[in-house]
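Participant: need a 3D model of the sequence below.
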Amino acid sequence: MNIRKGNPEDMESVLGLIQELAIFEKEPEAVVITVDDLVRDGFGENPLFHVFVAEVEEEIVGIALYYYRYSTWKGKTIHLEDLIVKDKMRGTGLGSALYAEIMKQGKKDNVRRIDWNVLDWNTPAVKFYENSGAKILEEWRVVQMDEAGINSFLEKL
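Facilitator: Have a look, this model is predicted:
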């Protein structure tokens, strides 16, 4: 297993893993980004995200995609957007290795917090995060406004 920073040539495989995650999360139609979007947004002058890729026998079988946020309480933080491991590689330690890479990046960057979301029905992930020492904030709710909601809201102004 080799974990390294992703590059533009990896984005086709990264998109494939994102699509695999969408199927796992029962939202296969939700992915609308393209390889071109990923290349532009991750490797331009001001990248919007960074990604670690995990390779086994030259095949990308996992990713950890993250970006920086700013907390009014903590300062610079990392948001782990997705940690994805191909189904055939689950249980091999690959996910733990990617997770550790994110924690190392946070330490290197002197962030005071790393956060992410986990679906409540994904009990293996919930248990993994709890066992790692992460706190799951049950009292907080994730709030999102999708494109249709944004348009609807703005039409009412």
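Participant: and the strands in the protein?
Facilitator: Counting by DSSP state E, the segments of the chain that form strands are 2-5, 50-56, 59-71, 75-85, 114-115.
Participant: and residue 72, how many neighbours?
Facilitator: By other CB atoms under 10 Å, the residues close to residue 72 number 5. No exception for glycine: its C-beta is placed from N, CA and C like everyone else's.
Participant: can you tell me the centre-most residue of the protein?
Facilitator: Centroid-nearest residue in the chain: residue 82, 1.8 Å away (criterion: CA atoms, centre = their mean).
Participant: and the closest residue to that residue other than its chain neighbours, what does it touch?
Facilitator: Leaving aside its sequence neighbours, residue 82 sits nearest to residue 65 (CB to CB, 6 or more residues apart in numbering; 5.0 Å). Residues in contact with residue 65, defined by CB atoms under 8 Å, 6 or more residues apart in numbering, are 14, 49-51, 80-84.
Participant: residue 154 now?
Facilitator: Applying CB under 8 Å, 6+ apart, no residues qualify as near residue 154.
Participant: where does pLDDT dip in this protein?
Facilitator: Across the chain, not a single residue meets the criterion (pLDDT under 70).
Participant: having no further points to raise, I will conclude here.
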